[in-house]
Structures are given as C-alpha cells and as structure tokens.
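A.B. asks: Need coordinates for the following:
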Amino acid sequence: MKAVLTIAGSDSSGGAGIQADLKTIAAHRLYGESVITALTAQNTLGVRGVENVSPEFVGEQIDAVFEDIRPDAVKIGMVSSPEIVRAIADGLRRHKAENVVVDPVMVATSGSALIADAAVDALVEQLFPLACVVTPNIPEAEVLAGMAIAGREDVERAADLIADRCRAAEETAASFSDDEAEGRGVPAIMIKGGHGVGDPEAADDFLLLPHGERVWLHGRRVPTENTHGTGCSLSSAIACGLAQGFAVDVAVRDAKTYVAGALANDLNLGQGSGPLNHMWAFGPVPC
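C.D. replies: Now for the predicted structure:
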C-alpha cells in the first residue's frame, strides 16, 4: 500500500487540515500519515485560536515517519511561522522526500488568517524548491505574485510570476552546499479558480507545467455553501495521485474530479461553511 504524509495544522471540527487530508487519503485507499504543525480551535464559523507546535517537535515527527513507514508523497498545508517552515524543509531534505505538494494556506474558508506574513517568503524560499506542485487559490496567488487577478490573462501572468519566484529561490538554494540545496526545479503551478474570475458559474483552474505547457482545467461551480476544507482536500488528492505514479497533469485532473464529487455530495453539517463529503464515492450517507 502506498503511503501519503500530510504536514499541516489540526482542525478541531474535522473539516479541513490534517483531518480532511487523512479522510482524502483514506478515500483514495492509501495509507495516511501526519505531522502536525499547529493546533487550531475552529469550527464551520471560524478560527478561535491557534497554538503552534515547536519547530523541534515538527522535525521529530518528520524523522519518526520517514524512518519507519516512508511516504511515497508529501502534502504540506498550514505552516504559520518561518521557523516551522525551516524545520520542514530541513526534514524533507534530510530524508530526500519525493512527490511534494505545497498548498500555501494563508486564510481559512471563514476568512481567518492562518499564517504570519514572514512565513510567506519562507514558504517560497525554502519549500517551493522542494515541491512538484504548488496549489494557491486566487487570493493566495495574488499575494505570491504581487498583483491583482481579475481575469484569465491575470491568472496566467500570476502563474508566470510565481514560477519566476520559484526559479529565483532554486538559484539561491543552489548557492549553498549540496546538502542544503537539493531542490526539484521549478514546480508545476496550479492556480485554483474556486474564488472565480470572469464567469461566475465556472470553476476553472489553471496549470502551468514546469516545461512551460499551459493548461486550463474547466469545471462548473457546484451550488453549495459547504466548502470548508476544499483546498486541503484537493492538494491531498493530488499527492495521492503522485504517490501512485501518475503524471502531474493526470493527478491534478483526478483530484479536481474527486473534490467536485465531494462538494456535490456535501453533508450540510454545522452553522457556517460546512465540510465536504470525503467518502462520497463509497455511496450515499446512511440515514
């Protein structure tokens, strides 16, 4: 059985973060492992508090996982401080991790901030060079690219700018010793269209592949308010595809299909933006 490691924060309501990731991995019939970076007190209405795990203990968790049940892919989600980013980067380099997906989580579905500003630069400089795929949504892509996104041309331009930042980070890493600079080249950049640009009924994602191919992944917006954990689930599903040996574009397309089904079969739980139905493919929810 292939194993997938999620490195992310814990969501006490079970809809996002580590919990959503493990459900997604289980839905793909793979073995899920976890490294927790932070504890959050949250529900479908918002985030009440965040307690970071120490960088040292994050590193210990990574070592424990890789030294026993080595993961075939790694998904990185909420990382709220530069020190934790560094601990993750050091651990992944130390164990020569493969098939890394970075979801640069900045704001929860409820609108609550989940990352310090300084950690954004650390993500780009230290984790993006290790990634196969980076999956920002529209607001995150605006931050990473330093520009507003209002249409499809803006999306493509933002992906180019993010790729440029990744390239610069890779070149900077190459100036260090070999042990510190083991990158993967420029990753694929997937800008998720769930926040919408242009057609309000569309949910089109854009994928810029490392060799320069530009792919629009078309979809229709699912009419639901229950979207808590959508980004977490998508990036985990991509990691599942990579763990099984699928090419990046295939893994991304399959993940998009999986999340669309989870949204369409929502559970309608909670008083706010509820969670997805991660197990939708296994049949209807029992009454």
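
A.B. asks: separation between residue 270 and residue 221?
C.D. replies: 21 Å (CB to CB, to the nearest Å). To be clear about C-beta, it is placed using only N, CA and C from the backbone, and glycine gets the same treatment.

A.B. asks: Can you show me the helices along the stretch 101-250 of the chain?
C.D. replies: Secondary structure of the stretch 101-250 of the chain (DSSP state H, counting those that start in this stretch): helices at 117-122, 138-145, 152-174, 230-243, 248-264.

A.B. asks: buried residues in the shortest one?
C.D. replies: It refers to helix 117-122. Judged by neighbour count (16 or more other CB atoms under 10 Å), helix 117-122 contains these buried residues: 119, 120, 122.

A.B. asks: Chain neighbours aside, what residue packs nearest to the residue nearest the centre of the chain?
C.D. replies: For the chain, the residue nearest the mean C-alpha position is residue 103 (2.4 Å; CA atoms, centre = their mean). Nearest non-adjacent residue to residue 103, counting by CB to CB, 6 or more residues apart in numbering: residue 235, 3.7 Å away.

A.B. asks: Need the pLDDT of the one you found.
C.D. replies: pLDDT, residue 235: 97.

A.B. asks: same question, residue 118
C.D. replies: Looking at residue 118, the pLDDT reads 76.

A.B. asks: you'd agree it is up against residue 83?
C.D. replies: No. Counting by CB atoms under 8 Å, residue 118 does not reach residue 83; the two are 9.6 Å apart.

A.B. asks: one step back: okay if I get the buried residues of helix 117-122 as CSV plus distance to residue 88?
C.D. replies: Shown next, in CSV, are those (distance: CB to CB, whole Å):
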residue, distance to residue 88
119, 11
120, 14
122, 10
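
A.B. asks: Sketch out the low-pLDDT regions of this protein for me.
C.D. replies: Scanning the chain for pLDDT under 70 picks out 107-116, 173-184, 194-199, 287.

A.B. asks: show me where it has strands.
C.D. replies: With strands called from DSSP state E, the chain shows them at 3-11, 31-43, 46-52, 73-76, 100-102, 133-134, 188-191, 205-208, 214-217.

A.B. asks: Of the ones you listed, which is nearest residue 142?
C.D. replies: Residue 142 lies closest to strand 188-191 among the strands of the chain, at 9.8 Å (CB to CB).

A.B. asks: neighbouring strands for that closest one, and are they parallel or not?
C.D. replies: strand 133-134 (parallel), strand 205-208 (antiparallel) (DSSP bridges).

A.B. asks: Next, the residues that contact it from outside, please.
C.D. replies: For strand 188-191, contacts defined as CB atoms under 8 Å, 6 or more residues apart in numbering pick out 132-138, 141, 155, 158-159, 162-163, 166, 205-210, 238, 248-249, 252.

A.B. asks: Over to stretch 259-268?
C.D. replies: 203, 219, 222, 224, 226-227, 230, 233-234, 237, 274-278, 280-281, 284-285.

A.B. asks: export it as CSV, just CAs?
C.D. replies: C-alpha atoms of stretch 259-268 as CSV (Å, rounded to 0.1, in the frame of the first residue of the first chain):
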residue,chain,number,x,y,z
VAL,A,259,-13.2,17.3,-5.0
ALA,A,260,-16.1,18.2,-7.3
GLY,A,261,-17.8,15.0,-6.2
ALA,A,262,-17.2,15.7,-2.6
LEU,A,263,-18.7,19.2,-3.0
ALA,A,264,-21.7,17.9,-4.9
ASN,A,265,-22.4,15.3,-2.2
ASP,A,266,-22.0,17.7,0.8
LEU,A,267,-23.0,16.8,4.3
ASN,A,268,-24.6,20.1,5.2
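
A.B. asks: Many thanks, I have nothing further to ask.
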